[in-house]
Every structure is written in structure tokens, then in C-alpha cells.
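J.: Sharing a model prediction with you, sequence too.
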Amino acid sequence: MKIKVSNIINDSIVDGPGIRLAVFTQGCTHNCKGCHNPQTHDISGGHPVDMEDIIEMVNKNPLLDGITITGGEPFLQSKELSSLAKEIKKLGLNVMVYTGYTWEELMRSYEVHESFLKEIDVLVDGRFMPELRSLDLKYRGSSNQRIIDVKKSLEFKIIKKFEL
């Protein structure tokens, strides 16, 4: 299975807690003003990468705490990324995802994204808003974005913040 990516960064310490493999997906329709990754927006850009190649990168790095899937917009490839996340979880690592969608928007299309959501541990939701930007925020760019414990939020059917 192939995943369309813009870039993959090994040993990231800024894309979530611990040491992470950061997978930057290609394609985004949110067009947030001031986006940190505008090169990921073009749906026809990027390049396909075999899921097995990403898993091999993870296996070669014993220091990883998990992977972060960011973008672009990961939920444009939720089927493919669900498979990747499932394999990462089998390795005992955690999965963090950044999305421009809000939790509420994802819940309205839950059936479409259910398999991906169930494999995610931590979700940072919401579009980047430059007027709410703060360098004091951990793992997010603007204060409207939330860091969500996906497992607890799905279980209790209410947003549960992830404790860093």
C-alpha cells in the first residue's frame, strides 16, 4: 500500500512527545493562512511511499517513541494511514496525528474515518489560525487547536484532553 507524502523526518523532537518519525502527508484543502507546511497542499505534489518502507524506517530506529502523521491533511488518506497506524501500534509505538479538521467535524464523518481514528492515540485538531498563534503552546501552533486523547474521547463520547 502506498501513502502520498511530502517528506519524512526521522528523530523529530518537535512533532510530539519523545523522539518521533514524522510523516508529512501530501495534499490539503484547508488552505490555512500562515500554514507551516504550504508545500504539502498540492494534491498532485509529493511522492508515493510504500507503507512497508515507512515501517522499515521505524524498525531501524530503536529510539523512537512513536510516529507523528501530519500534513498536508492526513484524513485525505485515512484508509491508507489506518493500515500504517495499525502496524505501528503492533510495534508498541504510539501514533499522533495533526489535522485541520475539528474533532466535531471528524465525528460527523466518523464512519468514513473510524478505522483510522481507532488507531490514533493523540490528535491535534483544528485549523491553524495566525491571530491565535503562540510560541508558548506545546505541540500546536494556535490556541484553538486541542490535544485530544482519542481513545478516551471515543470511549466517553466527549473530548478528553491528552495529558502531556
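T.: The structure has been received and is ready for your questions.

J.: hang on, Ile67 in a strand?
T.: Yes - assessed with DSSP: H, G, I helix; E, B strand; the rest coil, Ile67 lies in a strand.

J.: Excluding chain neighbours, what is closest to it?
T.: The shortest distance from Ile67 to any non-neighbouring residue, by C-beta to C-beta, 6 or more residues apart in numbering, is to Leu21 (4.6 Å). The C-beta positions use only the backbone N, C-alpha and C, and glycine is treated the same way.

J.: for Leu84, same thing?
T.: For Leu84, ignoring the flanking residues on the chain, the nearest one in space by C-beta to C-beta, 6+ apart is Met51 at 5.1 Å.

J.: likewise Val5?
T.: Residue nearest to Val5 in three dimensions, not counting chain neighbours: Val49, with 5.1 Å by C-beta to C-beta, 6+ apart.

J.: And for that neighbour, the neighbour number?
T.: 17 (other C-beta atoms under 10 Å).

J.: Would you check that it makes contact with Ser6?
T.: No - shown here, Val49 and Ser6 do not form a contact pair, counting by C-beta atoms under 8 Å, at 10.2 Å.

J.: Just the C-alpha atoms of the lengthiest strand in the chain, please, in PDB.
T.: Taking DSSP state E as the criterion, the chain has its longest strand at strand 2-12. Only the C-alpha atoms of strand 2-12 are listed here, as PDB (Å, rounded to 0.1, in the frame of the first residue of the first chain):
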ATOM      1  CA  LYS A   2       1.300   3.400  -0.900                       C
ATOM      2  CA  ILE A   3       1.000   6.700   1.000                       C
ATOM      3  CA  LYS A   4       1.500  10.000  -0.700                       C
ATOM      4  CA  VAL A   5       4.000  12.000   1.300                       C
ATOM      5  CA  SER A   6       5.800  15.300   1.100                       C
ATOM      6  CA  ASN A   7       8.600  14.400   3.500                       C
ATOM      7  CA  ILE A   8       9.600  12.000   6.300                       C
ATOM      8  CA  ILE A   9      11.800  13.200   9.100                       C
ATOM      9  CA  ASN A  10      13.500  10.700  11.500                       C
ATOM     10  CA  ASP A  11      14.300  11.600  15.100                       C
ATOM     11  CA  SER A  12      11.900  14.600  15.300                       C
END
